[in-house]
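Asker: Provide a 3D model corresponding to the input given below.
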Amino acid sequence: MITKEQYDDIMARREVTNEEISAAEVYQFINDPPDKYFVYINEERHEATTWIGEKLGHVTGLSQIPKRSNFGDFRVYIDVYGINGKKYHGVYYKSAGDYARIKMYKHQDK
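Answerer: Residues are numbered from 1 along each chain as shown. Now for the predicted structure:
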């Protein structure tokens, strides 16, 4: 986890490493929880991650039978319990890659 100063430094530089971008992404995910997000799914660990593999949350629903969409691909509806304390739901595009689009639930458990 990086500090606010480290985040600001990364965002101000023109050239940054993939690890720095991922660290900034995690910082922003925790400190300014997004309403919508694009994550990558690690099926073995049941995790939602950044594109280099840093954990953003725990995924449930991966054991469901994939549903075929009108476009012929397979999708799985998932829930993500974020490291930011928020709960998300979305679609894991199983046959198209290892990515998912998620949205924050409107009503969060307190």
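Asker: Any buried residues in the longest strand seen in the chain, and which?
Answerer: Taking DSSP state E as the criterion, the chain has its longest strand at strand 74-82. When neighbours are counted by 16 or more other CB atoms under 10 Å, the buried residues of strand 74-82 are found to be 75-76, 78-80, 82. The C-beta positions use only the backbone N, C-alpha and C, and glycine is treated the same way.
Asker: Next: stretch 49-63.
Answerer: Neighbour counts over stretch 49-63 (16+ other CB under 10 Å) mark 49-50, 54, 56-57, 59, 62 as buried.
Asker: What is the distance between that stretch and the centre of its chain?
Answerer: Between the mean C-alpha point of stretch 49-63 and the mean C-alpha point of its chain there is a distance of 6 Å (CA atoms, centre = their mean, to the nearest Å).
Asker: re earlier: looking at the buried residues of strand 74-82, spot the one nearest residue 6.
Answerer: Distance to residue 6, by CB to CB, is smallest for residue 82 among the buried residues of strand 74-82, at 20.9 Å.
Asker: mind listing what that closest one touches?
Answerer: Neighbouring residues of residue 82 by CB atoms under 8 Å, 6 or more residues apart in numbering: 29, 33, 48, 56-57, 88.
Asker: What of residue 59?
Answerer: By CB under 8 Å, 6+ apart, the residues touching residue 59 are 41, 46-48, 78-80, 92.
Asker: again, but for residue 30
Answerer: For residue 30, the contact set (CB under 8 Å, 6+ apart) comprises 1, 83-84.
Asker: which among these end up buried?
Answerer: 83-84.
Asker: Nearest to residue 14 among the contacts of residue 30?
Answerer: Distances from these to residue 14 were compared by CB to CB; the smallest belongs to residue 1, at 24.0 Å.
Asker: Find me the pLDDT at the closest one, would you?
Answerer: Looking at residue 1, its pLDDT is 80.
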